[in-house]
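**Q** The sequence isn't on hand, but the structure is:
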């Protein structure tokens with residue numbers, strides 16, 4: 001059998017079949033070329049936009065979102081996914097980012113057309129803060145400034161009333177000016193009075209009960225001794241002697257601490273007995289009070305003796 005001859009098929013029939021096949025192939029090729037030419041002239045990107053970039057990460061779809069307002073006023077959003085061989089990921093392609101921006105711009109234009117050009121879009125400006133408003137007169141200054149709005153007023157005056165105990169009250173007819181007041185009646189007591197008439201100190205003492213030692217009256221300090229003893233009994237001694245008068249026998253009378261008997265080491269009386277008449281003529285005091293009078297009453301200080 002000759003090569004290229006199909007058994008059972010005549011040569012004219014073979015030629016007829018080959019001719020039809022070739023015609024179909026030519027027609028199909030013509031249709032394919034025509035469709036390709038139409039696709040190249042469409043609104044899509046030209047051949048330059050499909051140029052590959054230096055990235056292997058590509059996207060195979062482009063998503064377009066369209067918002068339409070229906071009669072009820074409710075917006076309806078439609079999302080359409082279109083295959084796009086030229087769209088690339090936003091990580092490596094500029095053309096893909098441009099396509100997304102174009103879709104967003106289309107949506108914004110549609111919404112503005114529905115609202116109408118004469119109707120202004122709602123304001124998105126945030127409300128003004130209190131700190132941004134003008135500062136009115138007499139209002140609080142803005143934070144961060146040292147402006148003082150109102151004058152600083154002094155604090156309200158405070159009044160303190162101190163009630164002294166009854167023993168601080170001076171007896172009547174006790175003289176005037178800076179002085180020491182000695183009362184012989186029970187309980188025996190001494191007051192130190194300042195020049196303005198205020199009492200700076202008072203304390204109990206022990207003197208002599210007889211009416212004439214010393215006599216009531218006004219005297220003055222004439223002598224002082226830091227340490228002295230009894231002229232008739234040298235073992236009886238004391239400190240802080242402040243003399244202001246003399247007794248009937250010429251002995252000195254003054255303020256001093258409670259005497260001590262040097263032969264026994266004991267004081268002649270206790271501090272708890274002060275106020276009682278236990279002295280032979282002088283005015284006995286506890287040691288701290290005697291030291292106070294010593295410092296407060298120099299020579300020339302007035303002394304007032306009351307019955």
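**A** Right, received. Where do you want to start? Quantities reported herein were computed from a predicted structural model and do not represent experimental measurements.
**Q** Skip ahead from the longest strand along the chain and say which helix or strand is next.
**A** Secondary structure assigned by DSSP state E gives strand 236-246 as the longest strand of the chain. Where DSSP states H and E defines the elements, the next helix or strand beyond strand 236-246 is strand 252-257.
**Q** Show me what the helix or strand that comes right after that next one is packed up against.
**A** Per DSSP H and E, the first helix or strand lying C-terminal to strand 252-257 is strand 260-261. Judged by 3 or more CB pairs under 8 Å, 6 or more residues apart in numbering; DSSP states H and E, strand 260-261 is in contact with strand 236-246, strand 266-267. (Glycine included, C-beta is placed from N, CA and C.)
**Q** Dump those into a markdown table; add distance to residue 222 as well.
**A** As requested, the helices and strands packed on strand 260-261 are arranged in a markdown table below (distance: least, CB to CB, whole Å):
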| stretch | distance to residue 222 |
| --- | --- |
| strand 236-246 | 6 |
| strand 266-267 | 27 |
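**Q** pretty sure residue 252 contacts residue 230?
**A** No - with contact defined as CB atoms under 8 Å, residue 252 and residue 230 do not form a contacting pair (10.5 Å).
**Q** higher neighbour count, these two?
**A** Neighbour totals were compared for residue 252 and residue 230, and residue 252 leads with 17 against 14 (other CB atoms under 10 Å).
**Q** From residue 198, how far off is the more buried one?
**A** 30 Å (CB to CB, to the nearest Å).
**Q** same check, this time on residue 184
**A** Distance, residue 184 to residue 198, by CB to CB: 23 Å.
**Q** And those two? Which one has more around it.
**A** Shown here are residue 184 and residue 198; by other CB under 10 Å, residue 184 has more neighbours (21 against 10).
**Q** I'd say the more buried one and residue 205 touch.
**A** No - taking contacts as CB under 8 Å, residue 184 lies outside contact range of residue 205: 9.6 Å.
**Q** shared neighbours, those two?
**A** Counting by CB atoms under 8 Å, 6 or more residues apart in numbering, residue 184 and residue 205 have no shared contacts at all.
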